[in-house]
Structures are given as C-alpha cells and as structure tokens.
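1. Need coordinates for the below:
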Amino acid sequence: MTQPPPPEWAPHAAVWIGFPSHPELWADDLLPAREEVAAFARAVHAGGRGERVLLVAADDEAAGAAHALAPFATVVVEPFGDIWLRDTGPIIDGEGRARLFRFNGWGGKYDLPGDDTVGRRLARRRGLAAEAHGWVLEGGAIDGDGTGTVVTTAQCLLNPNRNPGLGQEAIEMLLRSDLGFDRVVWLGEGLLNDHTDGHVDNLARFVAPGVVAIPEAADNDPNWLVYQHAARDARAGGLEVVGIPSPGRILRDEEIVPASYMNFYIGNAAVVVPTYGGPNDAAAVAAIGALFPGREAVGLRADHILTGGGSFHCISQQIPG
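-> As a prediction, this is how the structure comes out:
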C-alpha cells in the first residue's frame, strides 16, 4: 500500500527551488524576482541550520545569476518553462519514491517547453525511484497532513480542463492508489484571479494533523466569501480550523492579484511567509509563526514573484529526509 507523502513540517534532506530564468516571461520583474527568490532560499538555508537548497536554473545565464545571489546554494541546471516546481516537480511519497503526474500547463493555459519533463529529470538526478501516473495533478492542488488526509478544491481537481470525464469518486480513488491518501476533504473555490483554477496552497494549509490554517478576511478582501466557505467545508470534513489574517485587496496595475499568506513554506529551521506590503503582514507572520514554535517565522516580500502567478510555496518542492 502506498504511504502518503510526509507532512511539510517533517524533516527535509533538501528543497528544490525554481530560479527565474526567462527574461521574456519576467520582463522588468526578472531581476527583483531573482532577488526575492534568493532571499527566500537564504531564509530556508538559515546559515546551514535549515536544509540544503537546490536552486534549479533553466540555463547557464540563470545559473550564473543564482550562484552570485545565493552562494550558499547548490545550483542545478535543468531546462524548464517556468519556476513553479511545486506543480511540475516530483511529489515524494512516504517510501521515498518520486510520483510523477501529467502536467498540462494548468489546464492548457501556459504550455511551456520542459515543464512536462522537469519532474522526471530532477528525480533521476537525485537518484530517486520514480513512478509515472497518467492523470493530471499539480502539487499545489493538494495539501496533506501525513496521516492520509488531504485537502483540495473542487474548482481545480474536478475541473474538466485537467481530467475530463473523471468525477469526484474517480479522483479520490486515484489519490488513494497513487499517493496513499485515504481521506479527501473537499473545499469549493480558490482565490479570485488565480490562474491555477483554485490551488489549495493559496487557501488552506495543514499546520498539524487534522488542523488547517485558513485566512480570515480583512475588510476589503475580495475573497471573503471564499474563506468563509472553505472554513465551513473544512469543519464539515472533521478538520480543526485556525484563522490567519488575510492580506486584503492587493492590486497590481489596478488588477486584483491572488496574494495569499497561505503560500508559506515550512522548512527545517524556518517557516517563510510571503508578504505584500499590506497592513496585515506582521500579524500574519506572527500568527503563522505561533503555529510552528520550533521554527523562526520569517516574512519576506514576494511582490515580483507574484507577478508570475504564485509565491514561495509554488516555487519550491521539498525532498523528505
């Protein structure tokens, strides 16, 4: 029987972090996004107290920039379309096997060369036994607590742009057979303007077995109803819910962006929380830090990474150890 992936707070041997590599994708945000990624990597490494950081660059130019900004990290060159390794990298189960799923550019929105194979290449480079599965799944669409319970959103996993013809029962059977999850707690919609079709790692994150953190809306948050419904569904599924302040309405070029403190990364030594210059930044970092008393809570700006559609959790994939 497949053992589910360890929870993110379990020990890591290392972490893959995607490094911005393509100027045509990032434009004016390329250099500041690289600096934000390097700061995130530095916080995870924690001066050697954390975990080994493997910065994944798509080409030699990006590798040189990564070496310069993060000399403490090991730089790996593997071609990819973009940096969202949470979705394109391998998911490692409880037996140390790399589980590889089909990737279709978040439902056909962004079909970039290399994204559909980078997970296999990273697993091979690491020497991991790998098993491929023929259905579409992104790592950011699920979050598990290590006991066999997983939380996800219907908006993403039941979206016909991923696995047309597969309903809820079929998806639950696949999550059980391929990742060892024997209990699925379904939430509804994800954040407004999230091009991933509602990834759960922007909405609800396990912080302990059976306990999920979910935002509580600021006065101007466009996702207030999404948060309420998610908390209701989580409790109906038997989970305990911890409320975290939300960022409120975050705009870029007058457009609402899917900014979320839930896109934090739980490392060996630190829990790193994306911040956006909003009034709730400090309160959210403190609230999340209180859930992980053995780790340092670090809030870091992620404005430029967010222009690509995600944040720290989206660009990372831990390697249990």
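2. By mean pLDDT, flag the weakest helix or strand of the chain.
-> Every helix and strand in the chain was compared by mean pLDDT, DSSP states H and E; the lowest is strand 251-252, with a mean of 90.
3. does His12 really touch Gln318, like I thought?
-> Yes - contact between His12 and Gln318 holds when scored by C-beta atoms under 8 Å: they sit 4.6 Å apart. (Glycine included, C-beta is placed from N, CA and C.)
4. mind listing the strands for the stretch 51-200 of the chain?
-> 52-57, 74-77, 91-92, 98-102, 130-136, 142-144, 149-153, 183-187 (DSSP state E, counting those that start in this stretch).
5. Who are the packing partners of the shortest one?
-> Packed against strand 91-92, as judged by 3 or more C-beta pairs under 8 Å, 6 or more residues apart in numbering; DSSP states H and E, are the following elements: strand 98-102, strand 316-320.
6. Parallel or antiparallel, which strands does the first one pair with?
-> Spelled out, it's strand 98-102. Strand pairing for strand 98-102, using DSSP bridges, gives strand 91-92 (antiparallel), strand 130-136 (parallel).
7. Please identify the deepest-packed of the ones you listed.
-> With neighbours defined as mean count of other C-beta atoms under 10 Å, those peak in mean count at strand 91-92, which reaches a mean of 23.
8. Show me what the mean pLDDT comes to for that strand.
-> Computed over strand 91-92, the mean pLDDT rounds to 98.
9. How far away from the center of its chain is it?
-> Strand 91-92 sits 13 Å away from the centroid of its parent chain (C-alpha atoms, centre = their mean, to the nearest Å).
10. ok, now stretch 108-122?
-> Offset of stretch 108-122 from its chain centre (C-alpha atoms, centre = their mean): 16 Å.
11. Quick one: end-to-end distance for that stretch.
-> Counting by C-alpha to C-alpha, to the nearest Å, you get 23 Å between the two ends of stretch 108-122.
12. Report the mean per-residue pLDDT for that stretch.
-> Stretch 108-122 carries an average pLDDT of 97.
13. Give me the nearest residue to Leu300, chain neighbours excluded.
-> The shortest distance from Leu300 to any residue that is not its chain neighbour, by C-beta to C-beta, 6 or more residues apart in numbering, is 5.3 Å, and that residue is Ala39.
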